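[1] Fold the following and give me the result.
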Amino acid sequence: MRVQPSRDALYLKPVTTIRHDWTLPEARALHDLPLLDLVHRAQTVHREHFGDNKVQLCSLLSVKTGGCPEDCAYCPQAARYQTGVPAEPLMEVDEVVAAARKARQAGATRFCMGAAWREVKDGPQFDRILMMVRGVRSLGLEACCTLGMLTADQARRLKEAGLSAYNHNLDTSREKYGEIITTRTYDDRLSTLRHVREAGITLRGDVIFESVVNEEHAGNGTLDLVGRGVLADEVTDATPYWRDDLVAFLIGCSFTFEWALTEAGLTPRHATCGLNVPMYRTSVPLAPAGKLHGHMIVSMRPYPADDLERVRAITRPFVEAHGEPMAWGYQHGLGIRALSRPDEGDAVPFEPGEIPVFWGCGVTPQQVAAESRLPYVITHEPGHMFVTDLRHDDLRRRRR
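    Numbering: from 1, shown residues only. Prediction:
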């Protein structure tokens, strides 16, 4: 189902406040505006907030050029591409401060430093970056960096050094990510954005728009509206979309048994890392039922091979929540392309001696709805489940 906002409403009500609740129909309506109409709307908003006709002059310096191990399809600094961009080591602090001083003399009020890294490594080079930031701020300039991915501690240290802003791009939508970059995940980038925001540093980045609006979904809503296998909108309240001919189903979730694993000293890795459980599309076909058909989705938790039988025994009683694992080990035969690139949720690290353990997943019905191209479905966004008044231990006890 897709509801198109009035085009007149878009003209008469320019956005004058920052919003984080854009719906897909609203974004699509903006995307489809004639170019000059969109320019006019943008100028109207700009004039309301920046009426003095001033533009900030910024200066950008590549403090470490080329030799990047990433495979971003658009970037000439990737080491694997022959682009004619020579690799240069990280510049010295005095060189950078001298360049910043020259930029200030030319009228710049912000000095940006970029390094062709996949991620920041703690040690002498990061310490040098911190000294560069302090040096730039000592000149009365705002300091901006783009260094690749950061940990929470690194973001905190940059803030303490005086960093004003951090540039970090998402590059494309989650669904298209593997077509542009294979050496990192969409969630890797989101983690850095979260660390920077939590450190209190201003974010600078790109806007993922066309590929999302034209054919895929955007945002982090809790309910998805799906029509003919295509996501039409994401909302937080399904009441306005409910129809008398709909039937609701509640399907168990493997999160239900995680408390039992934790109680036994087998806390799932995603829980200890503060991440969402990784979920994967498989090549395992489901038994058709009428119009419904599709393939299984699984969730994964790594465990030492020696703990496998304990894990199976603990989760087996929870049959309403997928019960025991349906596969384990690296020869799982599920058709999963890469454990480091889940289709939903977050990638989790493995410790030596651990193997992947797979359970059925409550996201499977969404996959079935998409493959069956049902005309109308309301379903939950992965990671946004329905909480009941059933007790965990009651489910376990009644199956013993």
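
[2] so Gly66 makes contact with Glu88?
    Yes. Gly66 is within contact range of Glu88, at 6.2 Å (criterion: Cβ atoms under 8 Å). No exception for glycine: its C-beta is placed from N, CA and C like everyone else's.

[3] Pick out whichever of those two has more residues nearby.
    Legend: neighbour count by other Cβ atoms under 10 Å for Gly66 and Glu88, higher for Gly66 (17 against 13).

[4] Is there a neighbour count for the nearest residue to that one once chain neighbours are set aside? I'd like the number.
    Closest residue to Gly66 apart from its sequence neighbours, by Cβ to Cβ, 6 or more residues apart in numbering: Ala87 at 3.7 Å. Other residues near Ala87 come to 12 when the count uses other Cβ under 10 Å.

[5] check contacts around Ala87.
    Thr65, Gly66, Gly67, Ala79 (Cβ atoms under 8 Å, 6 or more residues apart in numbering).

[6] What about the last one, how many residues nearby?
    Meaning Ala79. Should you count by other Cβ under 10 Å, Ala79 turns out to have 15 residues around it.

[7] OK, contacts around Leu250?
    Phe386, Thr388.

[8] Just the pLDDT at it, thanks.
    Leu250 carries a pLDDT value of 82.

[9] what does the one 10 residues further on give?
    At Ala260, the predicted lDDT confidence score is 89.

[10] mind checking the SS state of it?
    What DSSP: H, G, I helix; E, B strand; the rest coil gives for Ala260 is helix.

[11] Can you tell me, leaving aside adjacent residues, what's nearest to it?
    In space, Ala260 is closest to Ile314, 5.2 Å off (Cβ to Cβ, 6+ apart).

[12] now do Phe257
    Phe318 (4.2 Å).

[13] neighbours of the one you found, just the number please.
    22.

[14] where along the stretch 251-400 of the chain do the helices fall?
    Applying DSSP state H, counting those that start in this stretch to the stretch 251-400 of the chain gives helices spanning 258-263, 269-272, 308-315, 364-372, 392-397.

[15] ok, now how distant is the residue nearest to Ala260 from Glu354?
    For Ile314, the distance to Glu354 equals 17 Å [Cβ to Cβ, to the nearest Å].

[16] And Arg310, by the same measure?
    From Arg310 across to Glu354, the span is 14 Å (Cβ to Cβ).

[17] Could you confirm Cys29 falls within a strand?
    Heads up, residue 29 is Ala, not Cys. No. Counting by three-state DSSP, Ala29 is located in no strand; its state is helix.

[18] okay if I get the contacts of Ala87 as JSON lines plus distance to Pro375 and secondary structure?
    JSON lines is the format used below for the contacts of Ala87 (distance: Cβ to Cβ, whole Å; DSSP: H, G, I helix; E, B strand; the rest coil):
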{"residue": "Thr65", "distance to Pro375": "53", "secondary structure": "strand"}
{"residue": "Gly66", "distance to Pro375": "52", "secondary structure": "coil"}
{"residue": "Gly67", "distance to Pro375": "52", "secondary structure": "coil"}
{"residue": "Ala79", "distance to Pro375": "49", "secondary structure": "coil"}
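
[19] Tabulate those residues (TSV), appending pLDDT and distance to Met385.
    Below are the contacts of Ala87 laid out as TSV (pLDDT from 0 to 100; distance: Cβ to Cβ, whole Å):
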residue	pLDDT	distance to Met385
Thr65	90	46
Gly66	86	46
Gly67	83	44
Ala79	79	42
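
[20] coming back round to it: I figured the residue nearest to Phe257 hits Trp259, correct?
    No. Taking contacts as Cβ under 8 Å, Phe318 lies outside contact range of Trp259: 10.3 Å.

[21] picking that back up, which stretch in the helices of the stretch 251-400 of the chain has the least confidence?
    Among the helices of the stretch 251-400 of the chain, helix 392-397 carries the lowest mean pLDDT (a mean of 67).

[22] give the contact list for the closest residue to Leu193 other than its chain neighbours.
    Leaving out its chain neighbours, the residue that sits closest to Leu193 by Cβ to Cβ, 6+ apart is His168, at 5.9 Å. Listed by Cβ under 8 Å, 6+ apart, the contact partners of His168 are Thr146, Met149, Arg189, Thr192, Leu193, Val196, Leu203, Arg204, Gly205.

[23] Phi and psi next, for His168.
    The phi and psi values for His168, taken as degrees, to the nearest 10, are phi -150, psi 110.

[24] quick one: it from Ile181, how far?
    Here His168 is placed at a distance of 14 Å from Ile181 (Cβ to Cβ).

[25] Also Asp343?
    From Asp343 to Ile181 the distance is 16 Å (Cβ to Cβ).

[26] how about Gly200, secondary structure?
    coil.

[27] repeat for Leu203
    strand.

[28] Not counting sequence-adjacent ones, nearest residue to it?
    Once flanking residues are discounted, Leu203 sits nearest to Val196: 5.7 Å by Cβ to Cβ, 6+ apart.

[29] Next, count neighbours for that neighbour.
    27.

[30] in what helix or strand does it lie?
    Assigned by DSSP states H and E, Val196 belongs to helix 186-198.

[31] so how far is Leu141 from Val55?
    16 Å.

[32] Quick check on those two: which one has the bigger neighbour count.
    The residue with more neighbours, out of Val55 and Leu141, is Leu141; 21 against 7, by other Cβ under 10 Å.

[33] State the pLDDT value of that one.
    At Leu141, the model reports a pLDDT of 95.

[34] hey, where'd the strands end up in the stretch 101-250 of the chain?
    Per DSSP state E, counting those that start in this stretch, the stretch 101-250 of the chain carries strands over the ranges 110-115, 142-146, 165-167, 202-204, 223-227, 230-235.

[35] For stretch 312-323, which residues meet the burial criterion?
    Going by neighbour count (16 or more other Cβ atoms under 10 Å), the buried part of stretch 312-323 is Ile314, Thr315, Pro317, Phe318, Glu320, Ala321, His322, Gly323.

[36] out of those, what pair is the most spread apart?
    Put simply, by Cβ to Cβ the two of the buried residues of stretch 312-323 set farthest apart are Ile314 and Glu320, 15.1 Å from each other.

[37] before we move on, the earlier item: and the residue nearest to Ala260, what does it touch?
    Going by Cβ under 8 Å, 6+ apart, the list of residues near Ile314 reads Phe257, Ala260, Leu261, Ala264, Leu266.
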